[in-house]
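Engineer: Let's see this in three dimensions:
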Amino acid sequence: MRKLPVGHLVRLCIIAALLVSAALLARASGYFRGGIASRLSGTEGTGAPRDLVSEFAAGEMVQAVSPRTVLVRMPDGETTATAWGGEETAAGARCFTAILGEALGSAGSPEPLDESSFRAAVDAGGVYFDFFCPMPLDALAVWLGSDGQGAAAVFARMIFLSLAEQTVTVCFRASDGAFRRCATAAVSETLAARMQEFQGRAARFAFEDDTLSAPDPYAVIFSELPTVTAAASAPVRDAGNPAALLRAAGMNSYVTTSYVEADGTHVFIDEGRTLRFGTDGTVRFRTDIAAGERQTGEGLAAAVSYASAVALHGAADYLGAATLRVMDILTDGADRYIVSFGYCLNGIPVHLSAGDAARIEIRSGQLVQFELKLRTYAFTDGAEELLPMPMAAAIAAEDGAAPELVYADSGERVSCTWVKAG
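Structural biologist: Alright, predicted model coming up:
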């Protein structure tokens, strides 16, 4: 039998050692966890929707649905609020996250409430929340950490936790304009203690200002505004490393193929899923795969959580100083949900001339399509010069509108300004 040359044996030993080393590294990295079949099918570690949702922290969902304004009315009439302060408003909302979730989760059946009784409840003291869009109360309870069993399946943008008669009552104005209230099992002493801890700036409701004829009497008016920092933005023209985007879309980065079209659009394809990254930062995804296994639980709360995980994780690498907030929730009542998101800078919403920052459709527990307008935001030196809010409110009221502070992003520049809303 012919013996192999010594040099050849040495090369074989080196190759064998490299293969063993590669296998050990792959095992340590988790590449083989779940088996090669699951890796190639996109169900393990490559962007699997179930993994994405399970890794979506509760705190991220709380931020995505956090209120625009939090106002505290003490029983003696002292009124303070936070808005447009980024961390200031976030800290104010965190004071009441647990007790708002507890109140909604333990709420009884809604009862009619006339507006005069609502205002009487406000005068008695409590906490007012104004959200960016009408929120489903049962789902909001879940997102805030409750089981949501008690909350009504109704939408409300404005919620007030009343301390009248030393009990915690949830009062709200539903999307149909009607006022309602629900008894709760929340502890009044806990709410009172949180109200004492709250730190805000002097504020009042529009209905308390005789000089205003505002269309929304529950708009919160601040005597003084915080310093508003100037900002700039730029569209994301290059996908760079698209791993997070592909994972958000449930695409398998190990088997995805890609090519660049004549106009510079980068196209990624994984079986029946297609993601297109345009040179203007617009990302479009859709799937032609027939309905299969649900990727999330049933119901609105699970669907919006899934959509939020897709939006926040897909855009995370590109946001810069901005955050994403839920701005609209649509459903046809047949397990189809469309969730829209907007950018915020220090709690101030960004109005894009091109529309929503993100729009995501979940159908039968599966991601069907989405569109992201990816922009990177940064704060610049200097502050924006703004009209005082009472003056802006008076001007808007002349046209039957309310003032809204926004960063207007024209695509060329970003400026903070008052716009007329409502």
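Engineer: Let me see the contact set for the residue nearest to the spatial centre of the chain.
Structural biologist: Among the residues of the chain, the one closest to the centroid is residue 64, at 2.3 Å (C-alpha atoms, centre = their mean). Listed by C-beta atoms under 8 Å, 6 or more residues apart in numbering, the contact set of residue 64 reads 308, 311-312, 324-326, 341. In this view, the C-beta of every residue, glycine as well, is placed from N, C-alpha and C.
Engineer: and which of these is nearest residue 295?
Structural biologist: Looking at these and their distance to residue 295, the nearest is residue 308, at 13.9 Å (C-beta to C-beta).
Engineer: Can you tell me the element the closest one falls in?
Structural biologist: helix 300-315 (DSSP states H and E).
Engineer: so for that helix, what's the average pLDDT?
Structural biologist: Mean pLDDT, computed over helix 300-315, is 93.
Engineer: Just the buried residues of whichever helix or strand comes after it, please?
Structural biologist: Helices and strands here follow DSSP H and E; after helix 300-315, the next one along the chain is strand 323-331. By 16 or more other C-beta atoms under 10 Å, the buried positions in strand 323-331 come out as 323-327, 329, 331.
Engineer: List the strands paired with strand 323-331, with their directions.
Structural biologist: Using DSSP bridges, strand 323-331 pairs in its sheet with strand 336-345 (antiparallel).
Engineer: Residue 261: how many residues sit nearby?
Structural biologist: 11 (other C-beta atoms under 10 Å).
Engineer: likewise the one 3 residues further on?
Structural biologist: Applying other C-beta under 10 Å, we find 12 other residues in the vicinity of residue 264.
Engineer: hang on, it packs against residue 279?
Structural biologist: Yes - taking C-beta atoms under 8 Å as the definition, residue 264 is a contact partner of residue 279 at 4.2 Å.
Engineer: check contacts around residue 285.
Structural biologist: 249, 273-276, 367, 369-371.
Engineer: Inside helices: which ones of those residues?
Structural biologist: If you go by DSSP state H, those have nothing in helices.
Engineer: Closest one of those to residue 404?
Structural biologist: Nearest member of the contacts of residue 285 to residue 404, counting by C-beta to C-beta, is residue 371, at 24.0 Å.
Engineer: Can you give me the pLDDT of that closest one?
Structural biologist: pLDDT at residue 371 comes out at 97.
Engineer: Do I have it right that it meets residue 361?
Structural biologist: No - counting by C-beta under 8 Å, residue 371 stays clear of residue 361, with 9.4 Å between them.
Engineer: Flag the shaky bits of the stretch 301-422 of the chain, pLDDT-wise.
Structural biologist: 422 (pLDDT under 70).
Engineer: Quick check: the two most widely separated of the buried residues of strand 323-331?
Structural biologist: Farthest-apart pair in the buried residues of strand 323-331 is 323 and 331; separation 24.2 Å (C-beta to C-beta).
Engineer: one step back: I'd like to check the angle between the helix holding residue 308 and strand 336-345, please.
Structural biologist: 50 degrees (axes from the mean of the first three to the mean of the last three C-alpha atoms, to 10 degrees).
Engineer: Which secondary structure elements does helix 300-315 sit against?
Structural biologist: helix 49-55, helix 58-64, helix 137-143, helix 243-248, strand 323-331, strand 336-345, strand 358-363, strand 366-373 (3 or more C-beta pairs under 8 Å, 6 or more residues apart in numbering; DSSP states H and E).
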